[in-house]
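Q: this one's sequence-less:
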């Protein structure tokens, strides 16, 4: 059973940057599409970005497009989310997720992802 562990969250001022990491243990992230989601207090979990198994296809929510970049290094069993020009509305608990089916495409639906990390908190002050 693969375990996902997020790291890199923290407190940053608006306009600043953070880079999140999602490391896998007990299994490989290779050959699986992965994604980042986030959940703010009192709100539902929402899609942030997704990446195909080989990194060739990426997608983003409209709210982060142009500011966030998703990437992965399968040799390190790690996925990343580079977040630039952060805004207070980006404050949330950020989760990484992994699809179960090999070579399945990345999607924006949380219901397509079966493996989840515990989350890392990102707080952006104004």
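A: Done, it's in. Source: prediction; values computed, not measured. Numbering: from 1, shown residues only.
Q: now the nearest residue to residue 45 once chain neighbours are set aside: how far from residue 117?
A: Nearest residue to residue 45, sequence neighbours excluded (Cβ to Cβ, 6 or more residues apart in numbering): residue 39, at 4.3 Å. Where C-beta positions appear, they are placed from N, C-alpha and C, glycine not excepted. According to Cβ to Cβ, to the nearest Å, residue 39 and residue 117 sit 12 Å apart.
Q: contacts only, for the spatially most central residue of the chain.
A: Centroid-nearest residue in the chain, with Cα atoms, centre = their mean: residue 36, separated by 2.3 Å. Taking Cβ atoms under 8 Å, 6 or more residues apart in numbering, we find residue 36 in contact with 20, 22, 48-50, 70, 79, 81, 94-97.
Q: swap in residue 87?
A: Here residue 87 is in contact with 14, 124 (Cβ under 8 Å, 6+ apart).
Q: need phi/psi at it.
A: In terms of degrees, to the nearest 10, the main-chain angles of residue 87 are phi -120, psi 160.
Q: and it, how far is that from residue 22?
A: Residue 87 sits 22 Å away from residue 22, taking Cβ to Cβ as the criterion.
Q: ok so, going back, out of the contacts of residue 36, who's the most crowded?
A: The residue in those with the most neighbours, by other Cβ atoms under 10 Å, is residue 96 (30 neighbours).
Q: mind checking the SS state of that one?
A: Three-state call for residue 96 (DSSP: H, G, I helix; E, B strand; the rest coil): strand.
Q: which residue, neighbours along the chain excluded, lies closest to it?
A: residue 22 is the one closest to residue 96 (Cβ to Cβ, 6+ apart), at 3.4 Å.
Q: okay, that neighbour: pLDDT?
A: For residue 22, the model assigns a pLDDT of 97.
Q: can you list the strands that the one helix or strand it maps to pairs with?
A: Assigned by DSSP states H and E, residue 22 falls within strand 18-25. Strand 18-25 sits in its sheet next to strand 3-7 (antiparallel), strand 78-83 (antiparallel), going by DSSP bridges.
Q: so which of those is nearest residue 30?
A: strand 78-83 (10.8 Å; Cβ to Cβ).
Q: mind jotting down where the strands sit in this protein?
A: With strands called from DSSP state E, the chain shows them at 3-7, 10-13, 18-25, 34-39, 46-51, 58-60, 68-73, 78-83, 92-98, 115-116, 120-125.
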